[in-house]
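Peer 1: curious how this folds, go ahead:
(6 chains)
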Number of protein chains: 4
Amino acid sequence: MEAQKKLTRAEQKALRPIQILDAAFEEFVRCGFAGTRVEDIADRVGVTKGTVYVYFETKEALFEAMINHFSVPFQQLLAITESLSGSVTERLTSILGLLYDQIAEDRTTRELTRLVIAEGHRFPDLIDRHHDQFIEPVTAKVDALIVEGVASGEFREVPVEFSDIVVAPILTTTVLRLIFDDRRVPTPNKEAFLRVYFDLLFNGLLTKPR
Amino acid sequence: MEAQKKLTRAEQKALRPIQILDAAFEEFVRCGFAGTRVEDIADRVGVTKGTVYVYFETKEALFEAMINHFSVPFQQLLAITESLSGSVTERLTSILGLLYDQIAEDRTTRELTRLVIAEGHRFPDLIDRHHDQFIEPVTAKVDALIVEGVASGEFREVPVEFSDIVVAPILTTTVLRLIFDDRRVPTPNKEAFLRVYFDLLFNGLLTKPR
Amino acid sequence: MEAQKKLTRAEQKALRPIQILDAAFEEFVRCGFAGTRVEDIADRVGVTKGTVYVYFETKEALFEAMINHFSVPFQQLLAITESLSGSVTERLTSILGLLYDQIAEDRTTRELTRLVIAEGHRFPDLIDRHHDQFIEPVTAKVDALIVEGVASGEFREVPVEFSDIVVAPILTTTVLRLIFDDRRVPTPNKEAFLRVYFDLLFNGLLTKPR
Amino acid sequence: MEAQKKLTRAEQKALRPIQILDAAFEEFVRCGFAGTRVEDIADRVGVTKGTVYVYFETKEALFEAMINHFSVPFQQLLAITESLSGSVTERLTSILGLLYDQIAEDRTTRELTRLVIAEGHRFPDLIDRHHDQFIEPVTAKVDALIVEGVASGEFREVPVEFSDIVVAPILTTTVLRLIFDDRRVPTPNKEAFLRVYFDLLFNGLLTKPR
DNA sequence: CATGAATGAGGCTTCATTCAT
DNA sequence: TATGAATGAAGCCTCATTCAT
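Peer 2: Numbers count the residues shown, from 1 in each chain, chains lettered A, B, ... in the order given. Here you go, the predicted model:
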């Protein structure tokens, strides 16, 4: 309140939609699309229902705008992966570590995943976006590295197109945190988790490989 | 239809609540808790709203009863695992194969997972049940096998308490199917998937283990 | 209340939609389509808003159903006109007298005319119905009689297709009553009005016809 | 557009309220009082809602101001009628011709009539104005001419106070155009219409007057 | 004057729930 | 048991109106 009073009208106006989108994120995550009341979103911002409708035509439009707003910061990660150097193992390790930060540790991405799972039925665009911006790029990147590793002799001859399996522990952590959120199942320690994850991924369980 | 006509009236009536639970499953899966209309459930059974309330006090009670109804058949799987014999590797393979059938391939369990993720917030019991009946037993079983494998020298010295990583590809397949349902991302071929999964799990990616 | 309690459920149910249509007529006439509150219609019947929506999907559907409900009893009049006998003058007189009763004196038809004028823009069907059921049949009938009168020599050679002029005093009375409703402009005495109307229609104003 | 660009800012501002009244006329005619949105009126002028409220306190005040604005030009016609000369028949013919132009052919008067019929309930002043400025003067004038015609022997002994009947074809044309607006029922050709109208009015239908 | 963000009362509509039959 | 008419609370959305800039 104090801080906001110093803002000019113009600044306020530019801020409003973002404030609303932030509030919408929290409420939609908490209650799902159907369960969320537009008034609760407004309350969170400190405005009235009507104000929300000044910026967004319908609850549905607000939901979609919110998803778009929070779906951006994945591009950066993909850019970083291009600049990596070192052995394939090193690069794959780096990428999976970054993915862990992005998908499992970042609350926003995590909750976005919840919404994709919960509301995908009613928002097919949501699924397409999610696929094109998240799943496909990651899959492509990991696949490419595996191919490279196999070609260079660093990796064994494993069939490609199953990069899901490689990435699986990350998505699984995300989902378990979504479900239990530190309740019942503790959030794993990142360092320890990655150590075991990579150890298993690269070396396998067996003492003597077949 | 044919079969039902032969039922006596008494049998019909004993069937009602189950028909309602089945219909409730479909609708809650399709629309989520808040988005589902009791009337749509009734329509699916071919009765009127009132009838639903003869058997279930509230929509919430119906939701919980539905979850309970569809959460049963996991016990069997756990029982089977007790009767397995062979090396630890063989037994782990068997169990993971069964889990794949149960979690990734079985539509009911899959959709139950969706509901846990989507509605867990508002139904804490749901999460507790899910933990006690699904996660904990599986985790315990897999952990026990790993401990056994390490003790017997069959497995390398891997830290326990990370059985999530071992099971991850199964849950990941489940979640990807929930999201994409054969749209955009094809459902993997079971045999091929398991082959790669087990190959990676036991042997790791590297040609020469560190 | 007293009387209604004796009705069975089934009778009540059959009555409800008609009660609602009656109430809707009064409210829509009083406030127009946009100005009418569904709740006021419900109040008039003694039920709650929800009940109205049990029978009619939307306010718009209710409006249209109401128009249809009150647009019926015009057919009878047209039937009567077929059975008339006597000179053309006598028959025309009879018909115009009946029309006066139907259009100018009958409150329902009068108010329906108000709605056609006021709401026709937004309900094009309304105008088509009104044309097909009211205007066209009357016009055709009057035209036919004039043609017959001219043919028989009873009437002067007047151009046809201007039966509007013949009927005009009736519609004008309707409209003036709609506007002033006994306020400012008194409702004319029917007998006196018809006498002058017919005198003028048949004989004209001039002492010595041209 | 061209013309407006040459206006000084001061002239522009003096124009504003009239532009708003013009826009209000169109919208109120199109949607009625309750159905019209102040914003649509503003849009039509190319300003924002707030501007409308600079000039008019409420939507209701705007409606009334609009009615007043468009109700003026009838005085002129009445003035003209004073200066006519010739036989009563000639003068009556002239007056009815002018009335036809004013009431049936002039879109503004026609739509004003629609508003009187549609909104009169909620704006009693509207009805009073309409009576005092339109109905009463016309009625008085026509009545006076009939009295004069009867006195001079030009007209038959018809009862006075039924000038409505004489004017009816004009109002009827107005109303039919309001309802059908060239849809379904074609607008009559003015010359032909007036010829038949006057022929009937002065000579009546019958070959041999009674 | 003009703006347009914000308000908040109020209308339409939905739907979980009840209850007399 | 089953019905379905009725309820009424509550949600989405609209829009006349205000006011700081």
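Peer 1: what's the single longest helix in chain A?
Peer 2: Ranked by number of residues, the top helix in chain A under DSSP state H is helix A:9-35.
Peer 1: list the buried residues in the next helix or strand after that one.
Peer 2: Toward the C-terminus, helix A:9-35 is succeeded by helix A:38-45 as the next helix or strand (DSSP states H and E). Across helix A:38-45, burial judged by 16 or more other C-beta atoms under 10 Å in any protein chain shown covers A:Val38, A:Asp40, A:Ile41, A:Ala42, A:Arg44, A:Val45. Just so you know, the C-beta spots here come from the backbone N, C-alpha and C atoms, and that holds for glycine as well.
Peer 1: off-centre distance for helix A:38-45?
Peer 2: 24 Å (C-alpha atoms, centre = their mean, to the nearest Å).
Peer 1: I'd like the average pLDDT over it.
Peer 2: Averaging pLDDT along helix A:38-45 yields 97.
Peer 1: in terms of residue numbering, what are the domains of chain A?
Peer 2: Following automatic domain parsing, one finds the domains of chain A at A:2-69, A:72-203.
Peer 1: out of these, which comes closest to DNA strand F?
Peer 2: Closest approach to DNA strand F among these (C-beta to the nearest atom of the strand): domain A:2-69, 3.5 Å.
Peer 1: quick check, the closest one touching chain B?
Peer 2: Yes. Judged by C-beta under 8 Å from any C-beta of the partner chain, domain A:2-69 and chain B are in contact via A:Arg30, A:Cys31, A:Gly32, A:Phe33, A:Ala34, A:Gly35.
Peer 1: count of neighbours near A:Gln19?
Peer 2: Neighbours of A:Gln19 under the rule other C-beta atoms under 10 Å in any protein chain shown: 18.
Peer 1: which element is the closest residue to A:Phe162 other than its chain neighbours on?
Peer 2: Nearest in space to A:Phe162, with sequence neighbours left out and distances taken as C-beta to C-beta, 6 or more residues apart in numbering or on different chains, is B:Val196 at 4.6 Å. In the assignment (DSSP H and E), B:Val196 maps to helix B:190-203.
Peer 1: cool, and A:Met66?
Peer 2: Secondary structure (DSSP H and E) places A:Met66 in helix A:59-70.
Peer 1: which residues sit against that helix?
Peer 2: A:17-18, A:20-21, A:24-25, A:28, A:33, A:36, A:38, A:41, A:52, A:56, A:108, A:112, A:115, A:119, A:123, A:125-126, A:129 (C-beta atoms under 8 Å, 6 or more residues apart in numbering or on different chains).
Peer 1: what about 7 Å?
Peer 2: A:21, A:24-25, A:28, A:33, A:38, A:52, A:56, A:108, A:112, A:115, A:123, A:126 (C-beta atoms under 7 Å, 6 or more residues apart in numbering or on different chains).
Peer 1: between those, which has the most around it?
Peer 2: That'd be A:Ala24 among the contacts of helix A:59-70, by other C-beta under 10 Å, with 27 neighbours.
Peer 1: dump the residue contacts of that one.
Peer 2: A:Ile41, A:Leu62, A:Met66.
Peer 1: angle of the helix holding B:Val196 against helix A:190-203?
Peer 2: Interaxial angle, helix B:190-203 versus helix A:190-203 (axes from the mean of the first three to the mean of the last three C-alpha atoms, to 10 degrees): 110 degrees.
Peer 1: where's the residue of chain A found nearest chain D, which helix or strand?
Peer 2: The minimum distance from chain A to chain D, using C-beta to the nearest C-beta, falls at A:Val54 (12.3 Å). Element membership for A:Val54, per DSSP H and E: helix A:49-55.
Peer 1: one step back: and the residue nearest to A:Phe162, what is it in contact with?
Peer 2: A:Val158, A:Pro159, A:Phe162, A:Ile165.
Peer 1: check what pLDDT it gets.
Peer 2: Taking B:Val196 on its own, its pLDDT is 93.
Peer 1: can you check the one 5 residues further on too?
Peer 2: According to the model's per-residue confidence, B:Leu201 sits at a pLDDT of 92.
Peer 1: once you drop chain neighbours, what's closest to it?
Peer 2: Leaving aside its sequence neighbours, B:Leu201 is closest to A:Leu205 (5.9 Å, by C-beta to C-beta, 6+ apart).
Peer 1: so the one you found makes contact with B:Phe202?
Peer 2: Yes. The pair A:Leu205 / B:Phe202 is scored as a contact, 5.1 Å apart, by C-beta atoms under 7 Å.
Peer 1: looking at those two, which is more packed in?
Peer 2: Counted by other C-beta under 10 Å, A:Leu205 and B:Phe202 do not tie: A:Leu205 has more neighbours, with 24 against 18.
Peer 1: anything in the helix holding A:Met66 near DNA strand F?
Peer 2: Yes. For helix A:59-70, a contact with DNA strand F is found by C-beta under 7 Å from any atom of the strand, at A:Lys59, A:Glu60.
Peer 1: how far out from the middle of the chain is that helix?
Peer 2: For helix A:59-70, the distance to the chain centre is 16 Å (C-alpha atoms, centre = their mean).
Peer 1: what mean pLDDT does that helix get?
Peer 2: 96.
Peer 1: for it, buried residues please.
Peer 2: A:Lys59, A:Leu62, A:Phe63, A:Glu64, A:Ala65, A:Met66, A:Ile67, A:Phe70.
Peer 1: how near is the last one to DNA strand E?
Peer 2: In this structure, A:Phe70 lies at 21 Å from DNA strand E, with C-beta to the nearest atom of the strand, to the nearest Å as the measure.
Peer 1: try the fourth one
Peer 2: Note on A:Glu64: its distance to DNA strand E, by C-beta to the nearest atom of the strand, is 20 Å.
Peer 1: follow-up on the earlier one: list the contacts for the residue nearest to B:Leu201?
Peer 2: Contacts of A:Leu205 by C-beta under 7 Å, 6+ apart are B:Phe155, B:Arg156, B:Val158, B:Leu201, B:Phe202.
Peer 1: isn't A:Asp164 up against B:Thr172?
Peer 2: Yes. Using C-beta under 7 Å, A:Asp164 makes contact with B:Thr172 at a distance of 5.7 Å.
Peer 1: residues contacting A:Arg177?
Peer 2: A:Arg177 sits in contact with A:Ala104, A:Arg110, A:Thr187, where contact means C-beta under 7 Å, 6+ apart.
Peer 1: for A:Val38, that is, sorry about that
Peer 2: A:Lys49, A:Val52, A:Lys59.
Peer 1: quick check: A:Pro186 is in a strand.
Peer 2: No. Assigned with DSSP: H, G, I helix; E, B strand; the rest coil, A:Pro186 falls outside any strand and is coil.
Peer 1: can I get the contacts of A:Leu205 in a markdown table with distance to DNA strand F?
Peer 2: Below are the contacts of A:Leu205 laid out as a markdown table (distance: C-beta to the nearest atom of the strand, whole Å):
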| residue | distance to DNA strand F |
| --- | --- |
| B:Phe155 | 53 |
| B:Arg156 | 54 |
| B:Val158 | 49 |
| B:Leu201 | 46 |
| B:Phe202 | 51 |
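Peer 1: most neighbours, which of those?
Peer 2: Neighbour-wise, the contacts of A:Leu205 (other C-beta under 10 Å) top out at B:Leu201, 23 neighbours.
Peer 1: contacting residues for that one?
Peer 2: B:Leu201 neighbours (C-beta under 7 Å, 6+ apart): A:Gly204, A:Leu205, B:Val166.
Peer 1: gap between the closest residue to the last one other than its chain neighbours and chain A?
Peer 2: Pointing back at B:Val166 there. Excluding the flanking residues, the one nearest B:Val166 by C-beta to C-beta, 6+ apart is B:Val142, at 5.6 Å. Going from B:Val142 to chain A by C-beta to the nearest C-beta, to the nearest Å gives 11 Å.
Peer 1: tally of neighbours for B:Val142?
Peer 2: 22.
Peer 1: send over the helix or strand where it lies as CSV, restricted to the C-alpha atoms.
Peer 2: According to DSSP H and E, B:Val142 maps onto helix B:136-152. Written as CSV, here are the backbone C-alpha positions of helix B:136-152 (Å, rounded to 0.1, in the frame of the first residue of the first chain):
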residue,chain,number,x,y,z
GLU,B,136,4.9,-46.7,0.7
PRO,B,137,4.5,-50.5,-0.1
VAL,B,138,6.2,-50.1,-3.5
THR,B,139,9.0,-48.1,-2.0
ALA,B,140,9.5,-50.5,0.8
LYS,B,141,9.5,-53.5,-1.5
VAL,B,142,12.0,-52.0,-4.0
ASP,B,143,14.2,-50.8,-1.2
ALA,B,144,14.2,-54.2,0.4
LEU,B,145,15.3,-55.8,-2.8
ILE,B,146,18.0,-53.3,-3.4
VAL,B,147,19.4,-53.9,0.1
GLU,B,148,19.2,-57.6,-0.5
GLY,B,149,21.0,-57.3,-3.8
VAL,B,150,23.7,-55.1,-2.3
ALA,B,151,24.1,-57.5,0.6
SER,B,152,24.4,-60.5,-1.7
